[in-house]
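# Here is a sequence together with a model predicted from it:
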Amino acid sequence: MELTRREQQMLNGELGEAVQQSMEILVALGKIYGAKSMIPISSSQVAGVSYKTIGDAGLEYLKDIAKKGARVGVPTFLNPAGMDRRQWRQLRIPAKFAKKQLEILRAYSKMGIMASCTCTPYLAGIRPKRGEHVAWSESSAVAFANSVLGARTNREGGPSALAAAICGVTPNYGLHLDENRVAGFVVRVEAELKTAADFGALGYAIGEMAKGRNVAFAGIKSASEDQLKSLGAAIAATGSTALFYVKGITPEYVEGEAAEEVAFTQRELEETKEKMGVPEQPQLVAIGCPHASIEEIREVAQLVKGKRLACDLWVCTARKNKERADRLGYTAAIEKAGGKIVADTCMVVCPIEDMGYRATATNSGKSAKYLPSMCGQKVVFGDLKDIIRVKK
Ligand code: F3S
C-alpha cells in the first residue's frame, strides 16, 4: 500500500503505541482487500459497545488501548450499549452487567468518543453528505449511509472502525470506490408496501437471496426515511448487503449489466411476514430497531394515549430523541399507558433474556432475525398497530 508520510509515521510508532497498533490493523485490512492507499474519513461509528456482545475480552482490549493513550482524531460515535445509562435500575438490568457496561463506556469516553449510543447517528445530527467517506460499523447505519445518504463506507468491524477513528483514515477499497457501487441483484417490487414492517419484510426476504450483493429495487412508488431505514436494517441482517438503491428515491441508482433479476409479489410479502413470527402472546413489545425517529415515537404515543397496555412496551431510541420526546409530551403519554422510552440500548443488545422475557413483538425485520438467536425470544411480527396491545 502507498502510505503518506504521516501514515508511515503512524505505522512506525512515531505517534505512540495505540496509533501504531491501529495503523497496523488498517494496513493489514488494506492488504487483504487490495487497497492501494488510505482515504481520510469525516466520522466513525463504533459497534461493539454492549457488554452482552463484547464480554470481558472486549472490555480488556478497550481498557488496554485506552491506557496506551488512544485518542480519536475524527468525530466518533458509539453504537447502542447494553442498557439505558439512566434507567437501568428501573428496567431491572442486573447490577453485575451494569458495572461492566459502565466500565466499557468509560474506556470509550477516555478515548474521546461520544457516548451517543445509537445505531441511527443520522437521526441525531450526524448526517454525512453524498460522496463523503466515513468508517461506520453498525450494519443498519452502514446501509443507510451508503444507500439513503449516498455517503461511502464499508461495513467495518468494531476494531477497524475504532482504528480508523484513531488514525482518521480507512483503507480505500470496497464501497469507497465507484466500481463497487453497482447493483448485482435487481428486484422488481410488485407488492404494495405500506408500513415499516412491510419494508422490513421485503429486506428480510431479499437479504437472504442477494447473498451480499448490492441490491437495486425498482417499482417502489414511495418510501419514507423510516421505511428505508427498516428496509436497510433487514437486508443487512439476513444477508450482508451494505448498499441498496431504490429507483427514483435514493440519490444514486446503478444497475449492473449482468445483474440477476427477480420479482417480489404481494403473495411473497404476505408469506414472508407470516414466516417471520409466531402467533404468541408477547410479554414485551419492542419498537425502534433501528432506533426510532421522533415521528415513529409520536405514532406510538398517539396509538397508546389514554389507554392501558396489555404488556410491557419499549420504544428504543437515541437519547437526543428521547429528550425531544420528553419535551413534546410523547414520553408522558407512553409512560402513562405503562410503556417506556428506552435510550442508549435496544431490545437485541440488552440482556432481555435475563430479565424474564421469552416472547417479544416487533415490527422490525432486523429484530425478527436476531431476537431468537441473540435473546432466545419467540418473535411476534407485525405492523405497529397490530402488535401494540391495549387492555380492553
Ligand atoms: Fe439498532 Fe439494535 Fe436494531 S443496534 S439496528 S436497534 S438490533
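Yep, that arrived. Numbering: from 1, shown residues only.
# From now on I want contacts and neighbour counts done on CA atoms only, so please keep to that.
OK.
# Can you tell me the SS state at whichever residue of the stretch 51-200 of the chain sits closest to the ligand?
At 4.6 Å from the ligand, C119 is the closest residue in the stretch 51-200 of the chain, using CA to the nearest ligand atom. Assigned by DSSP: H, G, I helix; E, B strand; the rest coil, the conformation of C119 is coil.
# What score does the nearest residue to it once chain neighbours are set aside have for pLDDT?
With sequence-adjacent residues excluded and distances taken as CA to CA, 6 or more residues apart in numbering, C119 is closest to N79, at 5.1 Å. We have a pLDDT of 97 for N79.
# dump the residue contacts of N79.
By CA atoms under 8 Å, 6 or more residues apart in numbering, the contact list for N79 reads Q45, V46, A47, G48, V49, S116, C117, T118, C119, E138.
# Check S137 too.
Q45, V46, A47, N154, R155, E156, G157, G158, A161.
# Where strands are concerned, which of those residues count?
Members of the contacts of S137 lying in strands (criterion: DSSP state E): Q45, V46.
# Buried residues, the strand or helix carrying Y108. List them.
Under the criterion of DSSP states H and E, Y108 resides in helix 95-110. Applying a neighbour-count criterion of 16 or more other CA atoms under 10 Å, one finds F97, A98, K100, Q101, L102, E103, I104, L105, R106, A107, Y108, K110 buried in helix 95-110.
# Repeat that for stretch 61-73.
Residues L62, K63, I65, A66, A70, R71, V72, G73 are the ones in stretch 61-73 that count as buried (16+ other CA under 10 Å).
# Could you give the average pLDDT over that stretch?
The model assigns stretch 61-73 a mean pLDDT of 94.
# Show the residue spans covered by the helices in the stretch 151-300 of the chain.
Remark: helices assigned in the stretch 151-300 of the chain by DSSP state H, counting those that start in this stretch are 158-167, 196-210, 225-238, 266-275, 294-304.
# Of all those, which one is nearest the ligand?
The nearest among those, by CA to the nearest ligand atom, is helix 225-238 at 6.0 Å.
# what's next to that closest one, contact-wise?
139-141, 143-144, 148, 195-197, 199-208, 241-242, 244, 289-290, 293, 296, 364-366, 369-370.
# follow-up on the earlier one: what packs against the helix or strand following the helix holding Y108?
Per DSSP H and E, the first helix or strand lying C-terminal to helix 95-110 is strand 135-136. Here strand 135-136 touches strand 44-46, helix 158-167, going by 3 or more CA pairs under 8 Å, 6 or more residues apart in numbering; DSSP states H and E.
# Name the stretch among the ones you listed that sits most buried.
Across those, the average number of neighbours (mean count of other CA atoms under 10 Å) peaks for strand 44-46, which reaches a mean of 31.
# restrict the contacts of helix 225-238 to contacts with the ligand.
Contacts with the ligand within these, counted by CA under 6 Å from any ligand atom: S140, C289, P290.
# Name the residues of the stretch 201-350 of the chain found near the ligand, please.
Applying CA under 6 Å from any ligand atom, one finds that the stretch 201-350 of the chain approaches the ligand through A233, G288, C289, P290, H291, C346, V348.
# Kindly recompute the last result at 5 Å.
C289, P290, C346, V348 (CA under 5 Å from any ligand atom).
# Could you export these as a markdown table, including pLDDT and neighbour count?
Compiled in a markdown table, those are given as follows (pLDDT from 0 to 100; neighbours: other CA atoms under 10 Å):
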| residue | pLDDT | neighbour count |
| --- | --- | --- |
| C289 | 98 | 26 |
| P290 | 98 | 25 |
| C346 | 97 | 31 |
| V348 | 97 | 25 |
